[in-house]
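Engineer: mind folding the following:
(chains A and B)
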Protein chains: 2
Amino acid sequence: MEKEVKIGILGLGVVGTGVAKILLEQGNLLTERTGVQFRLQIAVDLDWERERGLNFEGVITTTDFNELVTDPEIDIIVETIGGVEPAFSLVMRALAAGKHVVTANKALIAIKGKELLEQAQEYGVELLFEASVGGGIPIIKSLKEGLVGNKILSIYGIVNGTSNYILTRMHQEELGFAEALQEAQAKGFAEADPTLDVGGGDAAHKLTILASLASGGFVDFNAIPAEGIAELTTLDINFAKSFGYVIKLLAICRFNGKKIDLRVHPTLVPKEHLLAAVNNELNAIFVTGNYVGDTMFYGPGAGQLPTASAIISDIADLSRDFPRRKKGLQQPINPEKNVALFSLDEISNRYYLRLFTLDQPGILSKISGVFGKYGISISSMVQLETHGEKNYVPIVLLTHEAPEKAMFKALSEIKEFDFVRPDILRLRLFK
Amino acid sequence: MEKEVKIGILGLGVVGTGVAKILLEQGNLLTERTGVQFRLQIAVDLDWERERGLNFEGVITTTDFNELVTDPEIDIIVETIGGVEPAFSLVMRALAAGKHVVTANKALIAIKGKELLEQAQEYGVELLFEASVGGGIPIIKSLKEGLVGNKILSIYGIVNGTSNYILTRMHQEELGFAEALQEAQAKGFAEADPTLDVGGGDAAHKLTILASLASGGFVDFNAIPAEGIAELTTLDINFAKSFGYVIKLLAICRFNGKKIDLRVHPTLVPKEHLLAAVNNELNAIFVTGNYVGDTMFYGPGAGQLPTASAIISDIADLSRDFPRRKKGLQQPINPEKNVALFSLDEISNRYYLRLFTLDQPGILSKISGVFGKYGISISSMVQLETHGEKNYVPIVLLTHEAPEKAMFKALSEIKEFDFVRPDILRLRLFK
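Structural biologist: Below is the predicted model of the structure:
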């Protein structure tokens, strides 16, 4: 007779319903693979009118979270509410009640991960969050366990499916940003308010989690510089293409000595790089370890069943040795360990610059004079002729590696020229 | 004070030395991440003259395997001898002595996996083999744990680095097979005798392991049809390219009802597919699950340190809950479960055919007549003009989906024509 593990789900929205579906429909397969019976004991949600297409017979369906926390029989609580509150308070109580917790909530882990893992440690329980990054891709398990012997050297992640879908459509169909965004919304790949996705905030949440796991200490989400993709135009996509690059929104983590370089921004990726072939709403995380070398993990970064698949994997991990020891659990991130970040000022990059200037003689020499003054050397340049009535022409430059600081000063000075339009775009190249 | 886990390595060749290196040099990091002290206690090899660049102070270095098996202190034995014997007998004894075993040995697991897992079960120990497929890529952990909630629908693996390197060079530099193989040998990506690699046998070993994990029952290695890449010419590579395909040696596992379609052969992969972008000696395994959808795991499929990285991950997994329970261990593959395979006869494919014929009138109609007779419909065809003195011209055809059986009969008949050269090449398209 198999052990039985009792599960409560907190929040039966899209993802929570997916978890319930797999537990209810795939019980035999899960038991065959793990030797454990999974029983969905309680499901908590405020709305039980909605049709979820599942048979909840034998499951306690309630609107009262307290039933979940106070029921001594529940072993594992799945948090699928999303957002920081009330999820944070509820998970803290669940951990204090001795329940293991599994969550898909990236904002929660990125912002409150330290408090949560301290709480888990104090009460001798575990908090797992495979689904918080890369949806169904087992990237957290791979970092924590699969690559456990490696010092991680760098991580480059396409971790926001919305942005990747929009960029793919801009590249492949020459859609403008607004049009591609609309299409993403129509297909359910973008929220009505897409700010967190296209602005880089969501990718920064995920980068916080990946960098914390890779470094073994908590990274401060608020210290991560994040730029989004809303300024990109078809012109930029096409220029990048002509230089041999594809533009991707990357979450970047590079270790250098004791410090980490962390940022989220649109990046020109060489078209031969495997990340350049990751299209549509798909995600991929490219991880380099000191022993393993280059690896990449690819798959759906969101969606009901991929995300539920990752949650089920956490549930199975927690269930393998039930009842688990309560002492001496090794946390994947040490709350006491400080991780120092490079500020952007300390970093050098290659840049893509696109500016519009009046079509007058002598302009190029003035602009290149400013770059020269700050020691920034230009590797390619394209200036197009004007056609039609507009008298601004685009100039696009690629630079050799230069310090962020120098680039910032050069651009501030260039912006002062009365022949330069203020909408200068500065992107970075993959390195 | 941390727990100490004592390790013995059996076979200090390239990979075994890599494992020793990580254990000796990365102890602190491993302890920080796992809460365990790893101690390399014994290393067994016949040759202790060779310089390995490591300091074995404090390690018992011996030529006698018995020391490893009889030492009651050893917790985990790493088998890095390779090949079926004597590895098989030694691992059986190690398991019987109550040691957990970690191996990188794909031939051993593919051919003797069933006996070994039964032995492990009987003695209440574990046998892990992450490094046996995909080198440093955590593909086995991902299948067993990361995707545990999924029915696996299909696996397409580029799992032989030698072949992938050769095919990449043929594609990118238009090298012939022999030239590309020579280059691979010079770079250390191919053995002096490359038969197992370029003939598909190594990929079939790995496919056996992946399919057994995905199906939960042991697959018979000897029942897998395997074709290699030695017949491919630059002509084929270029024709494939002109049709929009890249040729890759794929290990294929497709579930259909209760049976599995397993085979290894060169395959025309559409150039937009992510697998087509996996180049050089790198490996990738493209896995589709019923909930997660499409995922891919990419990285180095061989090499000292990538392989050692995978072995270390198994060692860390075994060490997490030391001392481990001896009873009720769940094996990832059930030795009692039978898995039925489709025979090739039951399968349909799209085909690429390349044949040389004399340049005579009426030939095309005779050839297409044979295909018509067996219900095989042609989707594209190219016939080149002769130039120079040779009087054989290549004809290349792509077909729509057709049964293997019909294709076999049609080709047997076409081979009988006196205007057809006997070296007909038949490849399959990705589906």
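Engineer: how near is the residue of chain A positioned farthest from its centre to residue A:159?
Structural biologist: Within chain A, the residue lying farthest from the chain centre (CA atoms, centre = their mean) is residue A:361, at 45.2 Å. According to CB to CB, to the nearest Å, residue A:361 stands 46 Å off from residue A:159. For the C-beta atoms, the positions are set from N, CA and C on the backbone; glycine is no exception.
Engineer: chain B contacts on the stretch 51-200 of chain A?
Structural biologist: Applying CB under 8 Å from any CB of the partner chain, we find that the stretch 51-200 of chain A lies next to chain B at A:130, A:136-138, A:141-142, A:144-151.
Engineer: let's see that with 6 Å instead.
Structural biologist: Applying CB under 6 Å from any CB of the partner chain, we find that the stretch 51-200 of chain A lies next to chain B at A:136, A:137, A:138, A:141, A:142, A:145, A:146, A:148, A:149, A:150.
Engineer: in CSV, list those along with secondary structure.
Structural biologist: As requested, those are arranged in CSV below (DSSP: H, G, I helix; E, B strand; the rest coil):
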residue, secondary structure
A:136, coil
A:137, coil
A:138, coil
A:141, helix
A:142, helix
A:145, helix
A:146, helix
A:148, coil
A:149, coil
A:150, coil
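Engineer: just among those residues, which is most surrounded?
Structural biologist: residue A:146 (35 neighbours; other CB atoms under 10 Å in any protein chain shown).
Engineer: check what pLDDT that one gets.
Structural biologist: The score at residue A:146 is 97. That number is its pLDDT.
Engineer: can you pull the contacts of it?
Structural biologist: B:138, B:141, B:313 (CB atoms under 6 Å, 6 or more residues apart in numbering or on different chains).
Engineer: among the residues you listed, name the ones that also lie close to chain A.
Structural biologist: B:138, B:141, B:313.
Engineer: rewinding a little: pLDDT score for the residue farthest from the centre of chain A?
Structural biologist: 85.
Engineer: how is it assigned, secondary-structure-wise?
Structural biologist: Quick answer, by three-state DSSP: residue A:361 is coil.
Engineer: ok, it - contacts?
Structural biologist: So residue A:361 contacts nothing (CB under 6 Å, 6+ apart).
Engineer: before we move on, back to that, need the max-distance pair from the residues of the stretch 51-200 of chain A next to chain B.
Structural biologist: Spanning the widest gap among those are A:136 and A:149, at 25.0 Å by CB to CB.
Engineer: surely residue A:149 touches residue B:311?
Structural biologist: No: look at residue A:149 against residue B:311 with CB atoms under 6 Å: they stay out of range, at 8.4 Å.
Engineer: now the helix with the most length in chain A: buried residues?
Structural biologist: Looking across chain A with DSSP state H, the single longest helix is helix A:106-123. Neighbour-count burial for helix A:106-123 flags A:106-114, A:116-117, A:119-121, A:123 (criterion: 16 or more other CB atoms under 10 Å in any protein chain shown).
Engineer: doesn't residue A:253 fall inside a helix?
Structural biologist: No: applying three-state DSSP, one finds residue A:253 to be strand, outside a helix.
Engineer: rewinding a little: can I get the contacts of residue A:146 in JSON lines with pLDDT?
Structural biologist: As requested, these are exported to JSON lines (pLDDT from 0 to 100):
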{"residue": "B:138", "pLDDT": "98"}
{"residue": "B:141", "pLDDT": "97"}
{"residue": "B:313", "pLDDT": "97"}
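Engineer: give the contact list for residue A:24.
Structural biologist: With contact set as CB under 6 Å, 6+ apart, residue A:24 has these partners: residue A:54.
Engineer: residue A:317: how many residues sit nearby?
Structural biologist: Applying other CB under 10 Å, I find that residue A:317 has 20 neighbouring residues.
Engineer: what of residue A:255?
Structural biologist: The burial count for residue A:255: 19, using other CB under 10 Å.
Engineer: okay, and the beta partners of it?
Structural biologist: Here residue A:255 shows beta-bridge partners residue A:260, assigned using DSSP bridges.
Engineer: check the gap between it and residue B:313 for me.
Structural biologist: 20 Å.
Engineer: excluding chain neighbours, give the residue nearest to the residue in the stretch 301-431 of chain A that chain B sits nearest to in space.
Structural biologist: At 3.3 Å from chain B, residue A:312 is the closest residue in the stretch 301-431 of chain A, using CB to the nearest CB. Leaving aside its sequence neighbours, residue A:312 sits nearest to residue B:149 (CB to CB, 6 or more residues apart in numbering or on different chains; 3.3 Å).
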